[in-house]
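Trainee: Quick one: sequence plus predicted model below, questions after.
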Amino acid sequence: MHPLDHVPAIRRIDTNREDLCALEIVGRFTAADLENAYGLLEGAYAVHDKIDLLVRISRYEGFDWSAAFTDATIRGKTRALRHIRKYAVVGGPAWLRTVIGIFGPLTSIETRYFDADEEAAAWEWIDARPVATA
């Protein structure tokens with residue numbers, strides 16, 4: 001990797017549940033990161049028909065909005081409706097709570113937003129915990 005290359009903003013968080021996909025987004029989230037996230041979700045769907053999702057957003061620096069309206073993103077969102085039961089979002093920009101409050105009830109996915117300092121409550125709500133890796 002070249003020192004000026006974009007460092008992937010998305011990382012998987014290991015948990016105590018096989019049917020939970022937990023991800024951390026750090027910094028700026030690009031179209032490539034979104035594609036990576038959907039790839040991780042597709043892998044989870046291949047193993048479990050129904051999953052829960054927890055996304056932790058740290059040090060948010062923005063989002064590539066053009067990525068939100070690509071064919072791949074629309075397909076990813078459509079598949080999520082069939083596979084995700086519960087979705088916890090932890091941290092991120094303040095406006096995210098409002099967006100989730102407005103759009104969350106419009107889907108079959110049970111969605112909740114937690115402030116960064118409420119992360120423990122998010123893990124409790126999703127009935128899981130992160131596990132340390134060696």
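Mentor: Structure's in. What do you need? This is a predicted model, so every value here is computed, not measured.

Trainee: Who are the contact partners of A120?
Mentor: A120 makes no contacts at all, as judged by CB atoms under 8 Å, 6 or more residues apart in numbering. All C-beta atoms are positioned from the backbone trio N, CA, C, and that covers glycine.

Trainee: What of E110?
Mentor: Applying CB under 8 Å, 6+ apart, the residues near E110 are R85, K86, Y87.

Trainee: Mind putting the residues you listed into JSON lines with neighbour count and secondary structure?
Mentor: Formatted as JSON lines, the contacts of E110 follow (neighbours: other CB atoms under 10 Å; DSSP: H, G, I helix; E, B strand; the rest coil):
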{"residue": "R85", "neighbour count": "14", "secondary structure": "strand"}
{"residue": "K86", "neighbour count": "18", "secondary structure": "strand"}
{"residue": "Y87", "neighbour count": "21", "secondary structure": "strand"}
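
Trainee: Show me which residues of whichever strand or helix holds G76 are buried.
Mentor: Element membership for G76 (DSSP states H and E) is helix 71-83. Buried positions in helix 71-83, judged by neighbour count with 16 or more other CB atoms under 10 Å: T73, G76, A80, H83.

Trainee: Point out the other helices and strands that that helix packs with.
Mentor: On a contact count with 3 or more CB pairs under 8 Å, 6 or more residues apart in numbering; DSSP states H and E, helix 71-83 meets helix 31-47.
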